[in-house]
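Colleague: Here's a sequence, model it:
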Amino acid sequence: MPTGGDGIRRSMAELVARQYSGLGLVRALNEQVVLETVFRDGPISRAGIARLTGLSKPTVSSVVQTLEACGLIHQQGTASGNIGRPSTLYEVNSRAGTVLGVDIGGTKVRVGIADLFGDVLADSAEPTAAEDGEAIVSQVARMGDEVVQRSGVDRRFFRAAGVGIPGVFDPTTDHVSAAPNLPGLTEIPVLHAFVEALGVPISLDNDVNLAAVGERWRGLAQDEDHFVAISIGTGVGMGVVLGGEIYRGSRGAAGEIDYLPLDADPFDPHPVHGPLESVVTGPALLDRLRRKIESGAETSASPEGGVQGIFQAEAHGDQVAAELVDEEARLIALAIAAVASVLDPRLVVLGGGLGSNPGLLEPVRRYLAKLFPREVDIQTSALGDRAAFYGAIAMGLRAARQRLLAEVTESR
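Modeller: Predicted coordinates:
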């Protein structure tokens, strides 16, 4: 995973290995190890760094001096030992770099700025400018400017951004496919467009992959190496984590469960969405409500009240709403049974604007117990519809730390 210590160290090692050799590479790797140790264990003394890293004390002192001169770490108090003078403690200067997290959804865009520890300094959300891809890129750039200004952080310290998109991204062509809710994104070289608009390195991925990253970083899957995150909202998708790493498949389309041939006719010659997406998403749930009302059913729920209105009506004993929630749970359980049969995850996290509703959890578990012979741990996301946003920040942090280390080596 991008946010795990081992993953960060590997990616940083690959970065510096491409640029340095011999003694320069050794120095760069030592800086990488020391900075990661201060990130993870600071405030920490030079002796503590030497003990944890196995580097010699003179090497640690030299590297600490370089990192402090570059503004990446700073002194943060002292610690008294049993013998000798107090030790100076060092921690990362969180404002030495900031990153943007961008979650682009079919109906809403969220943009936020975070420091190097991942603490969100400012964020905002607004309806997606869905006219075309260029409009979305311009919207993200404007929102980015606004949150940077609100955070009070000098824009010079804006280092990188993570961007989540509702589609399959092919880095070899720089184009997005399978984005039915925002087809305009398929018409532009998307990574190039965001780099040009934001002016920093960009880590770009499918939004549900980023939701899985967010769950691993800040959510319920922090201790899980084998899990899936299923997001249900305007669309449906799944992020797959196997062995602690995001699994993307041969063409980046792993987890596109909207094409599971469940319930709807999979051979429909003119599908707008995949079979599962056409029946399990928020718009599909509201369509079922409209059909019930048109057939004369009496209910306090209304399409204008949205998906949450259905769950509120169900909680107050509305029979029609209860039937809709039960059918939604059945469909989700069918999808989980198909996924669990192939991937055998230890954990399934339900997220997204619809999937994270707590009212779905028990009926989904009940249906899955009837469908599937093995127990599967199903949980409602604690991050809700912000999981992909946190995942985008995590990806941005990785890119920012790589850039900062590269700047250190270049400054010597």
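Colleague: make it CA atoms for all contacts and neighbour counts henceforth
Modeller: OK.
Colleague: in this protein, what spans have low per-residue confidence?
Modeller: 1-25, 28, 81-84, 263-266, 268-272, 408-412 (pLDDT under 70).
Colleague: how about 50 then?
Modeller: 1-23 (pLDDT under 50).
Colleague: pretty sure Ala394 is touching Glu215, no?
Modeller: No: using CA atoms under 8 Å, Ala394 makes no contact with Glu215, being 10.6 Å away.
Colleague: any idea which helix or strand carries Val228?
Modeller: strand 227-232 (DSSP states H and E).
Colleague: Residues touching the following helix or strand past that strand, excluding its own?
Modeller: Counting by DSSP H and E, the element after strand 227-232 in chain order, helix or strand, is strand 236-242. Strand 236-242 is contacted by residues 208-212, 225-231, 246-248, 254-258, 276-277, 280-281 when judged by CA atoms under 8 Å, 6 or more residues apart in numbering.
Colleague: and strand 236-242, which strands flank it?
Modeller: strand 227-232 (antiparallel), strand 245-246 (antiparallel) (DSSP bridges).
Colleague: Can you tell me how far Gln402 is from Gly97?
Modeller: Noted for Gln402: a distance of 11 Å to Gly97, by CA to CA, to the nearest Å.
Colleague: Counting neighbours, go ahead and name the busier of those two.
Modeller: A direct count of neighbours by other CA atoms under 10 Å for Gln402 and Gly97 places Gly97 higher, at 25 against 22.
Colleague: which residues does the residue nearest to Pro283 when sequence neighbours are not counted contact?
Modeller: Leaving aside its sequence neighbours, Pro283 sits nearest to Thr234 (CA to CA, 6 or more residues apart in numbering; 6.5 Å). By CA under 8 Å, 6+ apart, the residues touching Thr234 are 105-107, 181, 281-283, 353.
Colleague: biggest separation within the residues you listed, which pair?
Modeller: Greatest spacing in these, by CA to CA: Asn181 and Gly353 (14.9 Å).
Colleague: coming back round to it: out of the strands paired with strand 236-242, flag the one nearest Leu334.
Modeller: strand 227-232 (12.7 Å).
Colleague: Centre of the chain to that closest one, how far?
Modeller: In terms of CA atoms, centre = their mean, to the nearest Å, the centre of strand 227-232 is found 11 Å from the chain centre.
Colleague: CA atoms only for it, dumped as PDB, please.
Modeller: Coordinates of each C-alpha in strand 227-232 appear next as PDB, following Å, rounded to 0.1, in the frame of the first residue of the first chain:
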ATOM      1  CA  PHE A 227      -9.900  -6.800   2.100                       C
ATOM      2  CA  VAL A 228     -12.200  -5.100  -0.300                       C
ATOM      3  CA  ALA A 229     -13.900  -1.700  -0.100                       C
ATOM      4  CA  ILE A 230     -17.200  -1.600  -2.000                       C
ATOM      5  CA  SER A 231     -18.500   1.900  -2.700                       C
ATOM      6  CA  ILE A 232     -22.200   2.400  -3.600                       C
END
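Colleague: Could you list the residues in contact with that strand?
Modeller: 208, 211-212, 215, 221, 236-242, 280-282, 345-356.
Colleague: quick one: which of those sit in helices?
Modeller: 208, 211-212, 215, 280, 282, 352-355 (DSSP state H).
Colleague: which of these lies closest to Val137?
Modeller: Val208 (19.3 Å).
Colleague: got the contact list for that closest one?
Modeller: 164, 166, 229-231, 237-239, 388.
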